[in-house]
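Novice: got a sequence here, can you build the structure:
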Amino acid sequence: MVIEAQQLNVNHLLLKITISKDDYITKYNESLKKIKNNIILNGFRKGCVPLNFLERLHGKQLLIETLKKISNEALVNYIKENNLDVLAQLSDEDKVLENNIKIDDKPLEVTFSYELGLWPKFDLPTKDIEVEFFHYEITDNFIKEKVKELRKQFLTYDLSINQHIELEQLFEDKLQNPIQILIKASICLPNDKIYSFLFFVDDVKNEMLHILKDIKPNDVREIVFEDFFKKNFVNFLNADIKNFIKEEKDISEIIETYKVWTLKIDKIFQINSLLLDTSNGDVLWKILYPNIIIKSEEEFYNFFKKRVEYYITYEDYKKIFSTFFEKLIEKLDKTLEENFPYEFLKKIYPNFQENNESSSLLKYLKNNVVLNRINEVVKEKYSNITFKDTIKEFYEAVYGIKDEKVLENIISEIEKGKREDEKKTITKHHSLKLNIHFIKDNAKIIYTTKKIDFEENG
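Specialist: Presented below is the predicted three-dimensional model:
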C-alpha cells in the first residue's frame, strides 16, 4: 500500500491511497470463505456452495466492501499518526469503485483520493486580554428585603389556629390553581416520643382523605399505622420515624403491635414552590426537591445568602466568558482568516464567497475552532477539577445539602442516568467553571468590589 500526501493550499490536503492486489486479495478470499460457511442457498447444503458460484452472486459487493475497509483504516491511521484535525473531507471512493471493479478481472491496484480540509492550528493569545471580575458584598438588608418579597410572592395561604379547612375543596382548587398544600404535623410514636414533620397533601393522594377530612389546625387524630404503611405515607416522615420502623425486623409484627399512633395537625399551608413561615420567630424554608427544613432565622439567612451569591456569580461568569471570548476572537481574527481552507470550503459550499450566508458560516467556524481549542487546553490542564466536585457545590449552594452521604447518593443517581434535568444544568455549570479557571490563569484580571443592596425602585 502506498500513501501520497500533497499540500493543495493552506490547510487543504490531498491524500492518495493506492491498494495493490496483494494488499486486498487475502482479506477478500477470507471474507468469501466466511460467507461460504454460513450462507444457505436452495439446492446446496450449508457450507457447500462452490466459491465460483458464490463469487458471481456476491463477489463484486464483497470486493467493494473489502477495498473500502482497507482504505478507510489507512486514512484513519494516517490522520492519527500525523495529528491532523480534520474539519471535513471529500472522497472519490464511489466513483473509483463503480468504474474499476470487475469480479472476473480483479484490478492489480486501486487508488482512492481524499481531500481533507483541516482546522487552523494556533496558540491562544490571552495574556493581554483584560477581564473584570467582581468580589460581591451582599448586604443583610438585601437578603432581608428579598425574603420579604418571597413571603409576598409564595406564602399565598396561611390558616390561623382556629380557621377550619375542607381538604376536598382544596383538592378542587388545586385543579385550577398551581398551588401546593403543605401540612405541618407532629406524631406521637409508641415509644412516647413526639416528632414534627411536613408533608404535602399530594403525597398521600385522595385515599388518605378519610384521615384528613374536615381536619383543622390543632386537631388530634388517631391513625392506623397499617394505612400509613400500605399507602407509603411513611416515606414522607422524618428520619427518626423511618429508623424506628427499620429497626423492626417483621413489618407485620410492628403493624400488629403498634396499631394506633396519634397525629396532631399543627398548621396547614398553600404554597407555590417554597414556604416561608414566620410564626414563633422561626423560618421554614420548604423546597419541593429535595426536602429541606431550615429551622432558625440565622440558618435560613446564611443559606439564602449563599444561594443568591451562587446564582449572581454564575450569571456574572457567563457574561465574563462571553466578553473574554469576543476579545479572543478579535485577536485571532487575522490568524484565522489566513489559515482557513477557503478553496476546500468552496468545494463543499459552491457559492461560498458569493453566498450571503458565507459570512455567518465563517463566523460559526471561527467560533467553533477557538472554542474547541479552549476545551482542549481546559481538558488537559484542569482534569483534577471533577464533575463530582461541581455536583456537590451545586447542591450545597442551591439546596443547602452538606451531608456527604446524601451527596454521594445524589452523585450515584446522576451516574445511573437519573436526575437528567439537574445533570444538564450542572454540566453547564461545570463547563463554565473550567473556562473561568482558564481565564483567571491566562488573562489579565482586574478585581472590583461590587456591593449588592436592595433599592426600592428594583
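Novice: what mean pLDDT does stretch 402-414 get?
Specialist: The pLDDT scores in stretch 402-414 average 88.
Novice: and the contacts of it?
Specialist: If you take Cβ atoms under 8 Å, 6 or more residues apart in numbering as the criterion, stretch 402-414 is touched by 388, 391-392, 395-396, 401, 419, 422-423, 426. The way it works is simple: take the backbone N, C-alpha and C, and place the C-beta from them, glycine included.
Novice: poorly predicted segments of the stretch 151-300 of the chain, please.
Specialist: Where the stretch 151-300 of the chain drops to pLDDT under 70, the residues are 151-185, 187, 189-219, 221-261, 263, 265-297.
Novice: drop anything exposed from the contacts of stretch 402-414.
Specialist: Neighbour-count burial (16 or more other Cβ atoms under 10 Å) applied to those gives 391-392, 395-396, 401, 419, 422-423, 426.
Novice: with those residues in mind, which one is nearest to residue 314?
Specialist: Closest to residue 314 out of the buried ones among the contacts of stretch 402-414 is residue 426 (11.2 Å), distances taken as Cβ to Cβ.
Novice: please name the nearest non-neighbouring residue to that closest one.
Specialist: residue 394 (5.1 Å; Cβ to Cβ, 6 or more residues apart in numbering).
Novice: about what we covered before: tell me the one of the contacts of stretch 402-414 nearest residue 369?
Specialist: Of all the contacts of stretch 402-414, residue 426 has the smallest distance to residue 369: 26.8 Å, by Cβ to Cβ.
Novice: can I get the buried ones among the contacts of stretch 402-414 in a markdown table with secondary structure and distance to residue 446?
Specialist: Formatted as a markdown table, the buried ones among the contacts of stretch 402-414 follow (DSSP: H, G, I helix; E, B strand; the rest coil; distance: Cβ to Cβ, whole Å):
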| residue | secondary structure | distance to residue 446 |
| --- | --- | --- |
| 391 | helix | 31 |
| 392 | helix | 30 |
| 395 | helix | 32 |
| 396 | helix | 29 |
| 401 | coil | 34 |
| 419 | coil | 38 |
| 422 | helix | 34 |
| 423 | helix | 34 |
| 426 | helix | 29 |
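Novice: relative to residue 77, which of the residues you listed is nearest.
Specialist: Using Cβ to Cβ, the buried ones among the contacts of stretch 402-414 come closest to residue 77 at residue 423, 35.7 Å.
Novice: which one is that closest one nearest to, not counting chain neighbours?
Specialist: Nearest non-adjacent residue to residue 423, counting by Cβ to Cβ, 6+ apart: residue 414, 5.2 Å away.
Novice: same question, residue 425
Specialist: Distances taken as Cβ to Cβ, 6+ apart put residue 394 closest to residue 425, at 7.6 Å, once the chain neighbours are dropped.
Novice: residues touching the one you found, list them.
Specialist: 422, 425-426, 429.
Novice: name the element it belongs to?
Specialist: Taking DSSP states H and E as the definition, residue 394 sits inside helix 387-399.
Novice: now stretch 111-125: mean pLDDT?
Specialist: According to the model, stretch 111-125 has a mean pLDDT of 92.
Novice: sorry, slip of the keys, the one I care about is stretch 342-359.
Specialist: 68.
Novice: mind telling me what element residue 16 is part of?
Specialist: Following DSSP H and E, one finds residue 16 within strand 12-20.
Novice: same for whichever strand or helix holds residue 94, what does it pack against?
Specialist: Assigned by DSSP H and E, residue 94 belongs to helix 93-100. Applying 3 or more Cβ pairs under 8 Å, 6 or more residues apart in numbering; DSSP states H and E, we find helix 93-100 packed against helix 51-81, strand 109-118.
Novice: state the number of residues packed around the residue nearest to residue 56 when sequence neighbours are not counted.
Specialist: Distance criterion Cβ to Cβ, 6+ apart; nearest residue to residue 56, sequence neighbours excluded, is residue 103 at 7.3 Å. The number of residues packed near residue 103 is 13, by other Cβ atoms under 10 Å.
Novice: dump the residue contacts of residue 103.
Specialist: 55-56, 59-60, 63.
Novice: now the residue nearest to residue 425: how far from residue 299?
Specialist: Distance check for residue 394 against residue 299: by Cβ to Cβ, to the nearest Å, it reads 20 Å.
Novice: just to revisit the earlier point, tell me which residues of the strand holding residue 16 are tucked away?
Specialist: 12-15, 17, 19.
Novice: how about a markdown table for these, with pLDDT and distance to residue 89 added?
Specialist: Formatted as a markdown table, the buried residues of strand 12-20 follow (pLDDT from 0 to 100; distance: Cβ to Cβ, whole Å):
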| residue | pLDDT | distance to residue 89 |
| --- | --- | --- |
| 12 | 93 | 11 |
| 13 | 93 | 9 |
| 14 | 94 | 11 |
| 15 | 95 | 9 |
| 17 | 94 | 12 |
| 19 | 93 | 18 |
